[in-house]
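Colleague: Need the 3D shape of this:
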Amino acid sequence: MASLDITFQLYRYQLLPIDRFLQTSLLNGANTINELIERKNEFFNIALSNVSDSPGKKKDVEIKIITSVGDIYLLKLAKKRKVNVETKQFKKDEIENWPSVYVVVNNHPDIQMIAVQKRTSAFVNTGTVINHLFESLKHTMQGYHLTSLYEPKFESKKFWRLLSMLQKQGEEVHSIEFEIVTANMASISKTLPDDLKAFAKATNSVKTSLKIESDSDASLKLEQSEPLMKGLVDYASEGGGNIRIKLAGISKTHHTSETITEVSVDDLDIEGSAEQAIEALQEIFK
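Modeller: Numbers count the residues shown, from 1 in each chain. Next up is the predicted model:
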């Protein structure tokens, strides 16, 4: 039997306290905010294990856990569609169709990534799949006073390549806006300034927007050698945020979510034994 490649797009997710200043007596499952943060992946595992029966799941979306080993989960998400068919009696009829996609979650505290299969007949874009998944997890996560946020991964070199291309074309970059998810993963947040991380936590924010804008008669000077600029781009590229680029005189905005990192896996590996599937899926996150 011939095999086909299944293409996944990669996202990073963060698990953050809804309110860092909540009275500890109101917490569930933890005695302090620090303990809540330390155990956030344990609570996410609980929510994920029960997602098929979540009260937050929409009626036109089905979620099933195919298999799981340790921190890695293989799920399928299906969306109800209507399909028009012609019957044997030469009549037209409408039947239900449930096209599905694979979703792989790695909930290790140092990884926290989700891979979503690209299949537009099921979902127009992969971000919508995570929206459905997180909406179904929301009820349980809120019970632990946690919120879940995600951003796509992209290659930082593609961002710099885009800037270089724009400059060669004579385009002037008028503004850049960084939307940064408050860091809670040391493995990817080391490129952010400590002051920025401390400021986000001290102000109880889950996202921080930083916009730089030139005068209308000038353009931004953007160099990869500038430490803060490089640090923000590197953090965003790891799924810690997103970047919007606005060019002078043009309404279109370039967005880093348009260049999501993709990986491919042989479908026979995923549809084989559970052990074979997990072994193949671990490669996605390397």
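Colleague: Which of the helices or strands spans Met229?
Modeller: Using DSSP states H and E, Met229 sits within helix 227-235.
Colleague: just checking, what packs against that helix?
Modeller: When contacts are defined as 3 or more Cβ pairs under 8 Å, 6 or more residues apart in numbering; DSSP states H and E, helix 227-235 packs onto helix 156-168, strand 173-181, strand 241-247. For glycine as for every other residue, the C-beta is placed from the backbone atoms N, C-alpha and C.
Colleague: CSV please, covering those and showing mean neighbour count and mean pLDDT.
Modeller: Formatted as CSV, the helices and strands packed on helix 227-235 follow (neighbours: other Cβ atoms under 10 Å; pLDDT from 0 to 100):
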stretch, mean neighbour count, mean pLDDT
helix 156-168, 14, 87
strand 173-181, 20, 92
strand 241-247, 20, 89
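Colleague: Looking at those, spot the one closest to Thr140.
Modeller: Across these, Thr140 has its closest neighbour in strand 173-181 (20.6 Å, Cβ to Cβ).
Colleague: The closest one packs against which elements?
Modeller: Against strand 173-181 (3+ Cβ pairs under 8 Å, 6+ apart) you get helix 156-168, strand 207-213, helix 227-235, strand 241-247.
Colleague: Return the set of buried residues in the next helix or strand after it.
Modeller: Using DSSP H and E, the helix or strand that follows strand 173-181 in sequence is helix 186-189. Neighbour counts using 16 or more other Cβ atoms under 10 Å place Ile188, Ser189 of helix 186-189 among the buried residues.
Colleague: got it, and stretch 61-76?
Modeller: Val61, Glu62, Ile63, Ile65, Ser68, Asp71, Ile72, Tyr73, Leu74, Leu75, Lys76.
Colleague: ditto for stretch 40-51
Modeller: By neighbour count with 16+ other Cβ under 10 Å, stretch 40-51 contains the buried residues Lys40, Asn41, Phe43, Phe44, Asn45, Ala47, Leu48, Val51.
Colleague: Over to stretch 132-150?
Modeller: 132-134, 136-138, 140-141, 144-150.
Colleague: Now intersect these with the strands, please.
Modeller: Applying DSSP state E to those, the entries found in strands are Leu146, Thr147, Ser148, Leu149, Tyr150.
Colleague: Endpoint to endpoint, stretch 212-229 covers what distance?
Modeller: 11 Å (Cα to Cα, to the nearest Å).
Colleague: And stretch 261-273, end to end?
Modeller: With Cα to Cα as the measure, stretch 261-273 spans 27 Å from end to end.
Colleague: What are the contacting residues of it?
Modeller: Here stretch 261-273 makes contact (Cβ atoms under 8 Å, 6 or more residues apart in numbering) with 1, 3-10, 74, 102, 115, 118, 152-155, 276-277, 279-281, 283-284.
Colleague: mean confidence score for it?
Modeller: Stretch 261-273 shows a mean pLDDT of 80.
Colleague: ok, now stretch 17-32?
Modeller: For stretch 17-32, the mean per-residue pLDDT is 90.
Colleague: Over to it now: how far is its first residue from its last?
Modeller: Per Cα to Cα, stretch 17-32 runs 11 Å from first to last residue.
Colleague: buried residues in it?
Modeller: Buried positions in stretch 17-32, judged by neighbour count with 16+ other Cβ under 10 Å: Pro17, Arg20, Leu27, Ala30.
Colleague: Max pairwise distance over those residues: which two?
Modeller: Maximum pairwise distance in these, criterion Cβ to Cβ, is 12.5 Å, between Arg20 and Ala30.
Colleague: Which residue comes closest to Lys197 once chain neighbours are left out?
Modeller: Counting by Cβ to Cβ, 6 or more residues apart in numbering, Lys197 lies nearest to Ala183, which is 5.1 Å off, once chain neighbours are set aside.
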